[in-house]
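Peer 1: Sequence first, then the predicted structure:
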Amino acid sequence: MKTTKLLTLIFLLTTVSLTAQNPVIIPGTLSGTEFILNLQNGTFQFYNGTNTTTMGVNGHILGPTLIMQKGDFVDITVNNNLDDTTTIHWHGMHVSAENDGGPHTFILSGESWNPQFTVMDKAGTYWYHPHLHEKTNKHVSLGIAGFIIVKDEEEAALELPRTYGIDDFPLVIQTKDFDANKQIVTPSNADDVLMVNATIDPSLDVPAQVVRFRLLNGSSQRVFNIGLSANLTFYQIGTDGGLLNEPLALTRLQMAPGERAEILIDFDGMEGQAVQLMSYASEFQNGIYGATNPGMMQFMTLDGYKPNALNGTNFDIIEFNVVAQTSDPVTLVPTTLVEVTPYPEESADITRTLNFSPSQMGPDQLNHPFLINGTSFNMDIINYTIPLNNIEIWSIFNQSAIAHPFHIHDVQFFVLDRNGVSPPASEQGRKDVILIKPMETVRFITQFTDFANDPVPYMLHCHMLVHEDGG
Ligand code: C2O
Ligand code: CU
């Protein structure tokens, strides 16, 4: 009896380690100044032989990576060939409100939208995704999302890997919930399937040199605690809005929905070895979506959250297989990057306070919408009128039992402090999303330059898409 059990256990362990690895899909690219994006219904085989209904851009799932040059005037045609109204938002980019693609700038089914703007952002990793009120989660979960890589002269002058698909890879990390017929369930708190660039059990051949990864947490709700197998060191070089002052040697990097990070991994001398990019979610304290308990208190439940093998455990995200060097490899991690200078705190014109609270108190609060300053989103109400060029401190207190990734359009901000303490170095760059834990106050400073618009507002919201759609 005992022997049988032991054998079963060994068999199970072997099966797990033999899980098929699928070469990760690398999205195609579009570059130049004219971009055509066709939003379309699709079908995609996440699982061999089974068609899943999806949405994609110029294809069945996800969308092409848009490569833009700072200073260029770009002209984008978005054709909505879906059966539903939607919008496309350029997350993290500094564009005028009418070009920003928020919920007020919707594209009816069968119609087109033609935003045009000058790329004013620093070199970095941005992304695009739908933003229709109450439908954002559905449209993103079914597959609409893509990278935007902005290039500039400052970045070009650095010795960094930048050959797309060779030593510079975009990786969008997402979890989804599939039903018994392998169709995507949305909304859901039972997202137990992890994928990178729409590939389940992904692997990637990487050259034995310094390689750059542009990580995006494109999940609806889940937070990741990024690390490498064997706790290998990696180097963060960029935050949401571009490069840091200098590379940061890290073994962990927390990434909430909407956040991006550019990292370097030095695979020099490791040919033939495998390295896993992981999430060390076992280290999360309760009160984070991805921890053992999503609420701060153990008795708080979230429908569908348990059981789920991704909650509160460490798991692999993607396997890197180290292969031969390329002919012109980058072999050193640079010592400095660009100059990033935060606004001095004394320069602020105003401090605004925002308070996140549950709409229903008590142990069931995670299953209900959340409020900002006691109110929820209304398409017809503009909550803040900001004088152009204002420098502002926003002080945000999370009075709910779950961490919320706060996001604001139009600007990049600098985090001043978390509960009065300077943020970790990995949060000291330009940011547009910041995770605010239960009972935490986060203060940031930013300036609202260049664009003012009376009828079309910019959005501020939680980037957990279920909370966003909840208003
Ligand atoms: Cu990534 Cu308001 O969105
Ligand atoms: Cu939230």
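Peer 2: Happy to help now that I have it. Ligands and ions are numbered 1, 2, ... in the order given.
Peer 1: hang on, His60 packs against Leu39?
Peer 2: No - under the criterion of CB atoms under 8 Å, His60 is not in contact with Leu39, lying 11.8 Å apart. C-beta coordinates here come from the backbone N, C-alpha and C atoms, glycine included.
Peer 1: of those two, who's got more company?
Peer 2: Leu39 (25 against 19; other CB atoms under 10 Å).
Peer 1: List the buried residues in whichever strand or helix holds that one.
Peer 2: Taking DSSP states H and E as the definition, Leu39 sits inside strand 34-47. Within strand 34-47, the residues scored as buried using 16 or more other CB atoms under 10 Å are Phe35, Leu37, Asn38, Leu39, Gln40, Gly42, Phe44, Phe46.
Peer 1: can you give me the offset of the helix or strand following that strand from its chain's centre?
Peer 2: In the C-terminal direction, the helix or strand that comes right after strand 34-47 (DSSP H and E) is strand 50-57. Chain-centre distance of strand 50-57: 21 Å, with CA atoms, centre = their mean, to the nearest Å.
Peer 1: Likewise for stretch 273-290?
Peer 2: Relative to its parent chain, stretch 273-290 has a centroid offset of 15 Å by CA atoms, centre = their mean.
Peer 1: and if you look at stretch 358-375?
Peer 2: That offset, for stretch 358-375, works out to 24 Å (CA atoms, centre = their mean).
Peer 1: repeat for stretch 204-222
Peer 2: Using CA atoms, centre = their mean, the offset of stretch 204-222 from its chain centre is 12 Å.
Peer 1: Please see if it touches ligand 1.
Peer 2: No - Stretch 204-222 stays clear of ligand 1 (CB under 6 Å from any ligand atom), getting no nearer than 9.3 Å.
Peer 1: Kindly report the residues of the chain close to ligand 1.
Peer 2: Near ligand 1, when you scan the chain using CB under 6 Å from any ligand atom, you find His89, His91, His129, His131, Gly258, His407, His409, Met459, His461, His463.
Peer 1: So which of those residues is the closest to ligand 1?
Peer 2: Nearest to ligand 1 among those: His91, at 3.7 Å, using CB to the nearest ligand atom.
Peer 1: which residue packs closest to the closest residue to ligand 2 within the stretch 51-200 of the chain, ignoring adjacent ones?
Peer 2: With CB to the ion as the measure, Asn137 is the residue of the stretch 51-200 of the chain nearest to ligand 2, at 11.8 Å. In space, and not counting its chain neighbours, Asn137 is closest to Leu465: 3.7 Å by CB to CB, 6 or more residues apart in numbering.
Peer 1: Quick check on the residue of the stretch 51-200 of the chain closest to ligand 2: phi, psi?
Peer 2: phi -60, psi -40 (degrees, to the nearest 10).
Peer 1: again with Ile317
Peer 2: Dihedral pair for Ile317: phi -100, psi -50, per degrees, to the nearest 10.
Peer 1: And Glu153, by the same measure?
Peer 2: Note on Glu153: its backbone torsions stand at phi -70, psi -40 [degrees, to the nearest 10].
Peer 1: can you count the residues close to it?
Peer 2: 10.
Peer 1: Same question for the one 3 residues further on.
Peer 2: Residues near Ala156, counting by other CB under 10 Å, number 11.
Peer 1: how near is it to Leu215?
Peer 2: For Ala156, the distance to Leu215 (CB to CB, to the nearest Å) stands at 21 Å.
Peer 1: do Ile396 as well
Peer 2: Between Ile396 and Leu215 the computed distance is 24 Å (CB to CB).
Peer 1: who has more neighbours, the two?
Peer 2: Ranked by neighbour count (other CB under 10 Å), Ile396 and Leu215 place Leu215 first, with 25 against 20.
Peer 1: what are the ranges of the helices in the stretch 151-300 of the chain?
Peer 2: Taking DSSP state H, counting those that start in this stretch, the helices of the stretch 151-300 of the chain run over residues 153-156.
Peer 1: Low-confidence ranges, it, go.
Peer 2: By pLDDT under 70, the stretch 151-300 of the chain has no low-scoring segment.
Peer 1: What ranges does it have for its strands?
Peer 2: For the stretch 151-300 of the chain, strands defined by DSSP state E, counting those that start in this stretch occupy the ranges 168-176, 193-196, 199-200, 202-207, 210-217, 224-228, 234-239, 242-250, 253-255, 260-266, 274-280.
Peer 1: export the ones you listed to JSON lines and tack on distance to ligand 2?
Peer 2: Below are these laid out as JSON lines (distance: least, CB to the ion, whole Å):
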{"stretch": "strand 168-176", "distance to ligand 2": "16"}
{"stretch": "strand 193-196", "distance to ligand 2": "21"}
{"stretch": "strand 199-200", "distance to ligand 2": "26"}
{"stretch": "strand 202-207", "distance to ligand 2": "28"}
{"stretch": "strand 210-217", "distance to ligand 2": "14"}
{"stretch": "strand 224-228", "distance to ligand 2": "16"}
{"stretch": "strand 234-239", "distance to ligand 2": "20"}
{"stretch": "strand 242-250", "distance to ligand 2": "25"}
{"stretch": "strand 253-255", "distance to ligand 2": "15"}
{"stretch": "strand 260-266", "distance to ligand 2": "18"}
{"stretch": "strand 274-280", "distance to ligand 2": "19"}
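Peer 1: For those, give me TSV that also has distance to Gly429.
Peer 2: Output for those, formatted as TSV (distance: least, CB to CB, whole Å):
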stretch	distance to Gly429
strand 168-176	19
strand 193-196	23
strand 199-200	29
strand 202-207	25
strand 210-217	14
strand 224-228	16
strand 234-239	3
strand 242-250	5
strand 253-255	12
strand 260-266	9
strand 274-280	21
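Peer 1: Ok, which of those comes nearest Asp364?
Peer 2: Proximity to Asp364, assessed across the strands of the stretch 151-300 of the chain by CB to CB, is greatest for strand 168-176 (23.3 Å).
Peer 1: what angle separates the closest one from strand 210-217?
Peer 2: Relative orientation of strand 168-176 versus strand 210-217 (axes from the mean of the first three to the mean of the last three CA atoms, to 10 degrees): 30 degrees.
Peer 1: start at 407 instead
Peer 2: Will do, 407 is the new start, and the previous item becomes strand 574-582.
Peer 1: Work out the gap between strand 574-582 and the centre of the chain.
Peer 2: 9 Å.
Peer 1: what does stretch 469-484 give?
Peer 2: Computed by CA atoms, centre = their mean, the chain-centroid distance of stretch 469-484 equals 19 Å.
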